[in-house]
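**Q** Build me a structure from this.
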Amino acid sequence: MSAAALLAQASDPTNLWQWLSTSEERTVTGDIPSQVWVTLWHSVLAFVVAAAIAIPLAAFLAHARRAEVASTWIVNLGRVIPTVTIVGLLALISLRNGFGFEPWPIVIALILLALPPLYANTYTAVRDALPEAVGAARAMGLTEMQILRRVELPLATPLILAASRVALTQVVATEALAALFGGSGLGRYITFGLANRDTFEVQAGAVLVAGLAMTVDLLFWFVTRFIVPKPLRPAPASRHAVQRIKPTQSITIPINSLGGTP
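**A** So this is what the prediction gives:
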């Protein structure tokens, strides 16, 4: 074995942390901050577009009590077809039309992935908004759109934000599929590691994808703590919340005091 080969073998990382801390290992796949940025902007763009489509549409249809079965069935097609199939098909269409591997194939696939939870939870939250509050608003003379904007949507906000948190986290975790079809992002470390049989690169890619998804989930949770008013937040379950109810003591009332005969 030549001296150059021995030197290259000696410089290979021996653990995950060494791979992450050695920038020479990413001369082909790109540095970590740039790949994190690519994954984030793909995911955020897809989530924003999906939310802009699903939330207003579901809120309007739920308020009008229309197209529940048909619209839900159409939106849920995104769950029936695997995301990797959608990315592969869109990548072929994009290449045939000269648009390249990214970003549109993965962004459109992520939009279809985020639509079902956003639509279904928004529809359910608006439809099941507190009937007493809706009835009171209608009795006060508010128009239907005012009822939707001022009553139903505020009451539905906690469930909509919970669905948004799940959808965004799922989108970030799934964005790695873009690398299977020539795209950039954190998934590139996994695909290149598998191609080169580099165990540490595969592990690093998986850890980075999982870490970014968990970070986004945590940040979204902190944001929702400031957006959702305290009265609308779900009460935390606690064993001290349920108090033992003492049985009431019976009181004997004399019959004479009621005007009866003994």
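
**Q** Quick check: phi and psi on G141?
**A** Reported as degrees, to the nearest 10, the phi and psi values for G141 are phi 100, psi 10.

**Q** ok, the most centrally placed residue in the chain - contacts?
**A** Residue closest to the mean C-alpha point of the chain, counted by CA atoms, centre = their mean, is A167 at 2.0 Å. When contacts are counted by CB atoms under 8 Å, 6 or more residues apart in numbering, A167 touches F47, A50, A51, L113, A114, P117, L118. (Each C-beta comes from the backbone N, C-alpha and C, glycine too.)

**Q** go on, T29?
**A** Q35, R188, Y189, F192, E201.

**Q** got it, and L89?
**A** Contacts of L89 by CB under 8 Å, 6+ apart: none found.

**Q** Mind telling me what element it is part of?
**A** L89 belongs to helix 83-96 when elements are defined using DSSP states H and E.

**Q** Please identify the buried residues of that helix?
**A** Neighbour-count burial for helix 83-96, counted by 16 or more other CB atoms under 10 Å, picks out T83, I86, V87, G88, L90, A91, S94.

**Q** same question, stretch 176-188
**A** Buried-residue list, stretch 176-188, by 16+ other CB under 10 Å: A176, L177, A178, A179, L180, F181, G183, S184, G185, L186, G187, R188.

**Q** Where does pLDDT dip in this protein?
**A** 1-13, 23-27, 78, 228-262 (pLDDT under 70).

**Q** what packs against the top helix by length along it?
**A** Across the chain, the longest stretch assigned as helix under DSSP state H is helix 32-64. When contacts are defined as 3 or more CB pairs under 8 Å, 6 or more residues apart in numbering; DSSP states H and E, helix 32-64 packs onto helix 68-75, helix 104-127, helix 153-174, helix 187-195, helix 199-227.
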